[in-house]
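1. Structure for the following, please:
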Amino acid sequence: MEQKQEERVHVPTQVFVIVWIALLCLTGLTIKAAQMKMGEWSMVANIAIASVKASLVLWFFMHLKYEKRLFKLLIFVPIITVSIIIVLTFFDIWYR
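-> Have a look, this model is predicted:
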């Protein structure tokens with residue numbers, strides 16, 4: 001039996017460098033947002049920035065961009081579910 005070889009996608013190094021620079025900029029933005037006095041919105045801003053950074057890592061460094069649609073769905077459904085639970089927990093704490 002002949003085994004089907006996986007398709008490998010060659011990603012240019014330039015893409016990884018651009019994503020890395022974006023991650024550094026977002027880290028700087030996280031630090032700046034932590035220093036600002038935004039009250040309870042500080043937590044929301046930092047979680048949003050962290051979500052964007054995690055998405056970039058998943059999408060490019062873990063090559064999720066090049067996977068099949070079903071695999072992408074199987075990754076993002078638990079992430080979205082946990083995110084909703086965290087947001088609902090914050091709303092519960094804020095409005096007590």
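2. C-alpha from now on. contacts and neighbour counts both.
-> Will do.
3. Helices of the chain, start to end?
-> Using DSSP state H, the helices of the chain run over residues 13-35, 41-56, 69-94.
4. Ok, which of those comes nearest residue 7?
-> helix 69-94 (15.1 Å; Cα to Cα).
5. what angle do the closest one and helix 41-56 make?
-> On the basis of axes from the mean of the first three to the mean of the last three Cα atoms, to 10 degrees, helix 69-94 is oriented at 170 degrees to helix 41-56.
6. how about helix 69-94: buried residues?
-> The neighbour-count criterion (16 or more other Cα atoms under 10 Å) identifies no buried residues in helix 69-94.
7. gap between that helix and the chain center?
-> 12 Å (Cα atoms, centre = their mean, to the nearest Å).
8. among the helices of the chain, which is nearest residue 62?
-> Here helix 41-56 is closest among the helices of the chain (Cα to Cα), at 9.0 Å.
9. For that closest one, list the C-alpha coordinates in CSV.
-> The C-alpha coordinates for helix 41-56 follow below in CSV (Å, rounded to 0.1, in the frame of the first residue of the first chain):
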residue,chain,number,x,y,z
TRP,A,41,-11.6,48.1,31.3
SER,A,42,-7.8,47.5,31.8
MET,A,43,-8.5,43.8,32.3
VAL,A,44,-10.7,43.7,29.2
ALA,A,45,-8.0,45.5,27.1
ASN,A,46,-5.2,43.2,28.2
ILE,A,47,-7.3,40.0,27.6
ALA,A,48,-8.2,41.3,24.1
ILE,A,49,-4.5,42.0,23.3
ALA,A,50,-3.5,38.6,24.7
SER,A,51,-6.2,36.9,22.5
VAL,A,52,-4.8,38.6,19.4
LYS,A,53,-1.3,37.5,20.3
ALA,A,54,-2.4,33.9,20.9
SER,A,55,-4.3,33.9,17.6
LEU,A,56,-1.2,35.1,15.7
